[in-house]
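*Asks:* Quick check, what structure comes out for this input:
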Amino acid sequence: MEIVFINRFFFPDESATSRIISSLAFALAGTGSAVHVVTGRRFHDGKPIPAAEGEIAGVTVHRIWSSAFGCTRLIGRALEYVTFHSSAYWRIRRLAHSRAVVVACTDPPLLSITAVLAIARSEAVLVNSIRDLFPEVAILLGMLDGRGVVARLLCWLRDLSLRKARQNVVLSQRMADALANRGISPSSLTVIHDWSDGKAIRPIDRACNGLLKDWGLKEKFVVGYSGNFGRVHEFATMLDAAERLRDQRNIVFLLIGDGQQRDWVESELRRRCLDNVVMKPLQPREHLAESLSALDLHLISLLPHLEPCSIPSKLYGILAAGRPTLFVGEVDGEVARIITEGSCGLAVAIGDSDGLAQRIVELAGSEPLRRRMGENARRLFEQSFRQEIGVDKWRRLLAEASVSTGEPHPVPPPPVASPAGSAP
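*Replies:* So this is what the prediction gives:
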């Protein structure tokens, strides 16, 4: 089986999409599949990746050109997207052949359209890995007029590319339902959750956590956020809760990561003079277990109207780290359901900063409850969200998708080595 992944970021980049695609590609290569990755030449922060093309742990990496004007402004991001699509089109055409399965991801958006065009004259088949629904996200965030010609055209082209795919993999049932409502065949929609590497990310006791010592937080109850400060997340409720708890000197908020809203969060911290909030950059892969375990209580947020379009991938790392979660968003949504049914967290509505502050105080004062929730989190992770589970689902789906005519390709055996995805 030959597989061609297309995603803007890949190892050694540390962004969420890169970690998932990298671990999947390395694991599939470990089963004997011929795996190619068409990706960019830069890290998610814009810095160039030293190595151009070559093989990494059995995966052939094709680093294609795109513009590098930066993504802080929409015009720069748009140019980077357009040039990446153009370069990806020509590289996919070179790689697509009768036995290839082309897996188009959604970073940058609408790669499924480019992939359909690139394989049009070949016998390759398309599988879409849909992490975000675009242009719906842009429409709901007010970045694109949903009634305009551009939005309608993009939706039509996107839907056409999904209908031509052998399979469309989504992250949640609500996302699958949203696409089915647009006329995408339910038989072509498969839900495969994201995952984490349970060996690389594991619960680390506070007494053994070097980051807590380095950051001067060993004597504090640490609640906070770790991940991308993206547009789909909401931070005002968390900051309002931090303001209400500023006199609780045993409680500190720790915010780890980068992204579009980080500058706004930092400006709010200065405006409100919140000295109980500490900000740190995204941590490298080798410190991820310590970073996630540094928080006694994790916060996740998602704008409610975006639940059908996106799901925070940080959830799976938190579960692997064995830490409880407070979700700020739709209390009846997908994330809230996972953590409440798993008895590993609680949910509050956006804007309910009093309720959020109250839950934080309650959990800060009950070490037995936090420990029980943390144990439940790791148990849920082991049962449903281990890397091996997700990789095996993808492996079987891709093997079935590769069947065009004649005898089916045999499903490759599962990996026997430790899960890939860490540094080769």
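
*Asks:* Now residue 126. Its backbone dihedrals?
*Replies:* Residue 126 adopts backbone torsions of phi -110, psi 130, taken as degrees, to the nearest 10.

*Asks:* wait, doesn't it sit right on residue 117?
*Replies:* No - here residue 126 does not reach residue 117: they are 10.5 Å apart, not a contact under Cβ atoms under 8 Å. From N, CA and C alone the C-beta is placed, and that goes for glycine too.

*Asks:* So for those two, which residue has more residues nearby?
*Replies:* residue 126 (25 against 15; other Cβ atoms under 10 Å).

*Asks:* Please determine how far the more buried one is located from residue 278.
*Replies:* Counting by Cβ to Cβ, to the nearest Å, the separation of residue 126 from residue 278 is 45 Å.

*Asks:* Could you point out which residue ranges in the stretch 151-300 of the chain have low pLDDT?
*Replies:* Regions of the stretch 151-300 of the chain meeting the criterion pLDDT under 70 are absent.

*Asks:* Kindly report the same for the stretch 1-150 of the chain.
*Replies:* 52, 69-74.

*Asks:* let's see it at 90
*Replies:* 1, 14-16, 44-47, 50-54, 67-79, 97-99, 121 (pLDDT under 90).

*Asks:* Contacts for the helix or strand where residue 361 lies, please.
*Replies:* Following DSSP states H and E, one finds residue 361 within helix 353-364. With contact meaning Cβ atoms under 8 Å, 6 or more residues apart in numbering, helix 353-364 is reached by 221, 223, 237-238, 240-241, 243-245, 248, 250-251, 296-297, 324, 326, 328, 346, 348-349, 369-370, 373.

*Asks:* And those residues, which of them are buried?
*Replies:* Taking 16 or more other Cβ atoms under 10 Å as the criterion, what is buried in those is 221, 223, 237-238, 240-241, 243-245, 251, 296-297, 324, 326, 328, 346, 348-349, 370, 373.

*Asks:* Could you list which of those residues belong to helices?
*Replies:* 237, 238, 240, 241, 243, 244, 370, 373 (DSSP state H).

*Asks:* Report the two of these separated the most.
*Replies:* Farthest pair in those (Cβ to Cβ) is 243 and 373. Separation: 25.3 Å.

*Asks:* Could you list every helix and strand that the longest helix along the chain packs against?
*Replies:* Ranked by number of residues, the top helix in the chain under DSSP H is helix 74-95. Under the contact definition 3 or more Cβ pairs under 8 Å, 6 or more residues apart in numbering; DSSP states H and E, helix 74-95 sits against strand 2-6, strand 34-39, helix 111-118.

*Asks:* repeat that for 6 Å
*Replies:* strand 34-39, helix 111-118 (3 or more Cβ pairs under 6 Å, 6 or more residues apart in numbering; DSSP states H and E).

*Asks:* what's the nearest residue to residue 37 once chain neighbours are set aside in contact with, if anything?
*Replies:* Excluding its sequence neighbours, the residue lying closest to residue 37 (Cβ to Cβ, 6 or more residues apart in numbering) is residue 5, at 4.7 Å. For residue 5, the contact set (Cβ atoms under 6 Å, 6 or more residues apart in numbering) comprises 21, 25, 37, 103.

*Asks:* Which of these ranks first by neighbour count?
*Replies:* Going by other Cβ under 10 Å, residue 103 tops these with 32 neighbours.

*Asks:* Show me the strands in the protein, by range?
*Replies:* In the chain, the strands defined using DSSP state E lie at 2-6, 34-39, 54-56, 59-63, 100-104, 125-130, 167-170, 189-191, 221-226, 251-256, 277-280, 297-301, 325-328, 345-348.

*Asks:* and the ones you listed as CSV, adding distance to residue 177?
*Replies:* What follows is the strands of the chain, written out as CSV (distance: least, Cβ to Cβ, whole Å):
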stretch, distance to residue 177
strand 2-6, 26
strand 34-39, 30
strand 54-56, 37
strand 59-63, 33
strand 100-104, 21
strand 125-130, 13
strand 167-170, 9
strand 189-191, 9
strand 221-226, 28
strand 251-256, 33
strand 277-280, 37
strand 297-301, 21
strand 325-328, 20
strand 345-348, 20
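
*Asks:* between those strands, which gets nearest to residue 138?
*Replies:* Using Cβ to Cβ, the nearest of the strands of the chain to residue 138 is strand 125-130, at 15.0 Å.

*Asks:* what helices or strands is the closest one leaning on?
*Replies:* Contacting strand 125-130 under the criterion 3+ Cβ pairs under 6 Å, 6+ apart are the following elements: strand 100-104, strand 167-170.

*Asks:* Can you give the strand pairings for the longest one, parallel or anti for each?
*Replies:* Using DSSP bridges, the strands paired with strand 100-104 in its sheet are strand 2-6 (parallel), strand 125-130 (parallel).

*Asks:* what's the offset of the first one from the middle of its chain?
*Replies:* Put plainly, it is strand 2-6. 19 Å (Cα atoms, centre = their mean, to the nearest Å).

*Asks:* for stretch 27-43, same thing?
*Replies:* The answer for stretch 27-43 is 18 Å, by Cα atoms, centre = their mean.

*Asks:* May I see the buried residues of it?
*Replies:* Result for stretch 27-43 [16+ other Cβ under 10 Å]: buried residues 27-31, 33, 35-42.

*Asks:* Can you tell me what sits against it?
*Replies:* Here stretch 27-43 makes contact (Cβ under 6 Å, 6+ apart) with 1-8, 10, 13, 25, 48-49, 58-63, 66, 88, 91, 95, 391, 412, 415, 417, 420.

*Asks:* And for stretch 126-145?
*Replies:* By Cβ under 6 Å, 6+ apart, stretch 126-145 touches 101-106, 109, 112, 115, 146, 151, 154, 165-170, 231, 305-306, 309-310, 401.

*Asks:* neighbours of residue 163, just the number please.
*Replies:* Counted with other Cβ under 10 Å, residue 163 comes out at 14.

*Asks:* same question, residue 67
*Replies:* Counted with other Cβ under 10 Å, residue 67 comes out at 16.

*Asks:* Which residues are in contact with it?
*Replies:* Here residue 67 is in contact with 79, 80, 83 (Cβ under 6 Å, 6+ apart).

*Asks:* between these, which has the most around it?
*Replies:* Result: residue 80 is most packed of those (other Cβ under 10 Å), 21 neighbours.

*Asks:* That one reaches residue 66, doesn't it?
*Replies:* Yes - using Cβ atoms under 6 Å, residue 80 is in contact with residue 66, at 5.2 Å.
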